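Q: here is a sequence together with a model predicted from it:
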Amino acid sequence: MQTSKRYALIKAFSIRDYLGIILTALLVAVLLFPKGKLERYLPGSVDINIDLALAYYRALLRTNPSVDIYDALVKSYIRIGRTKDAVEVVSEIERRSPNEPEILFLKYQLLKVEYFSVKDEEQKKRIKNEMEKLLGLYIKLKTDTSSLEKAFREAESMGISEIAYRTSTVLAERTGNLFWVEKAFYYSIAFKNYAMASRFADVLVEKKGKAFVKDAINLALLSGNLQKAFDYARTYYQELPPAERHSLIKRLIEVGLTTENYLSFREYMKKSFPLTPEERLYLEKEVMKRALWAKDYETLKRLILENLHLSKSLEYRVFLLELALGTGDPYFARDVAKRLHFGDN
């Protein structure tokens, strides 16, 4: 009898003690964290007692049924695998506030859990399409910066590129933050909006300089804006490492040189860049090829004679002889062969 009373007293004390600890912890949490901060912190914390967090949310919901608390509660249930409870919470808030845009994001989170739980590819595709629709509706209704950032992170992590593109461009233009500008730059290229990408490229080149000029040049070349590519290249050529300079010159020649502009292009490159011997050799070889393709044999002859001694390599000598033969003038080809073998004298 005495033992039973003692056990009952200990049990009663333990329950009271446990409730006291919970209430004390909740009070401390409310005091330490500003309103709205704790419910955003708890779902992502690995150290917090999840039962305590759930008790905290449920207690708050009695007096303050806000969307943030519902969101935190749903995330907590998802974290511990209680998806059914998470669904019930979403249904509860939908009954209370049927026009609340955040319901869309809560439903998105539930679909995300389902997406990773199924293995059938067709089913995954269907779920992902639904997720994309929900995110699309969400950003139409929630256009504040914080909501767009949240939608972007989800869209990028799930490979929903169209929404990542839309949100990043808005965020870039609205905030001017280089993180968003760079994201918007690459997504604009992916969606072939080269005019928008070019605007972002100007900002990035201005702020990042040589660290970004290569991508800016690639965009200019991709979009056919050769003048802008050359402007970028001239400005930053001296700041680039030698290997990158050489690569840049080759790229400009490959993209800009044609069978119509080879002479003017040649002069432009020589005046615009302090070409190394290797870069000059590459330029002259490509120019002579264009003259051959254009069947401008008199110009080609002149270029061959001007460039006889750019290189002493066997490969280059064979290259010049082939070009000389390509003019259709055997006497000129014989003269070039003699000069290559004996020198101009």
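A: In hand now; what should we look at? What you see is a predicted model, and the numbers here were worked out from it, not measured in a lab. Residues are numbered from 1 along each chain as shown.

Q: end to end, how far does stretch 288-300 reach?
A: Stretch 288-300 has its terminal residues 6 Å apart, counting by CA to CA, to the nearest Å.

Q: how about residues contacting it?
A: 257-260, 262-263, 303-304, 307, 323, 326-329 (CB atoms under 8 Å, 6 or more residues apart in numbering). Every residue, glycine included, has its C-beta placed from N, CA and C.

Q: which one of those sits closest to K140?
A: T258 (46.4 Å; CB to CB).

Q: what about the closest one, neighbour count?
A: Other residues near T258 number 11, with proximity taken as other CB atoms under 10 Å.

Q: ok, it to L283 distance?
A: 14 Å (CB to CB, to the nearest Å).

Q: likewise for L323?
A: From L323 to L283 the distance is 15 Å (CB to CB).

Q: can you check D71 too?
A: Distance from D71 to L283, by CB to CB: 61 Å.

Q: do the same with L248
A: From L248 to L283 the distance is 13 Å (CB to CB).

Q: and for K84?
A: 70 Å.

Q: same check on S313?
A: Distance of S313 to L283, computed by CB to CB: 16 Å.

Q: those two: which is more packed in?
A: Neighbours per residue, other CB under 10 Å: of S313 and L283, the larger number sits with L283, 23 against 10.

Q: now that one: which helix or strand?
A: Under the criterion of DSSP states H and E, L283 resides in helix 277-293.

Q: flag every buried residue along that helix.
A: 279-292 (16 or more other CB atoms under 10 Å).

Q: CA atoms only: put the host helix or strand of I189 into CSV for me.
A: With elements taken from DSSP H and E, the one containing I189 is helix 178-190. Listed next in CSV are the C-alpha coordinates belonging to helix 178-190 (Å, rounded to 0.1, in the frame of the first residue of the first chain):
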residue,chain,number,x,y,z
LEU,A,178,25.2,40.4,-58.0
PHE,A,179,24.1,36.9,-56.9
TRP,A,180,20.7,37.4,-58.6
VAL,A,181,22.2,39.2,-61.5
GLU,A,182,24.5,36.3,-62.2
LYS,A,183,21.7,33.7,-61.8
ALA,A,184,19.5,35.8,-64.1
PHE,A,185,22.3,36.1,-66.7
TYR,A,186,22.8,32.3,-67.1
TYR,A,187,19.0,31.5,-67.0
SER,A,188,18.4,34.2,-69.6
ILE,A,189,21.0,32.6,-71.9
ALA,A,190,19.4,29.2,-71.3
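
Q: identify the residues contacting it?
A: With CB under 8 Å, 6+ apart, helix 178-190 has contacts from 152, 161, 164-165, 168-169, 171-173, 194, 196-197, 200-201, 203-204, 207-208, 215, 219, 222.

Q: look up the closest residue to L325, ignoring the ones flanking it.
A: With sequence-adjacent residues excluded and distances taken as CB to CB, 6 or more residues apart in numbering, L325 is closest to A333, at 4.8 Å.

Q: so how far is H309 from that neighbour?
A: Applying CB to CB to A333 and H309 gives a distance of 18 Å.
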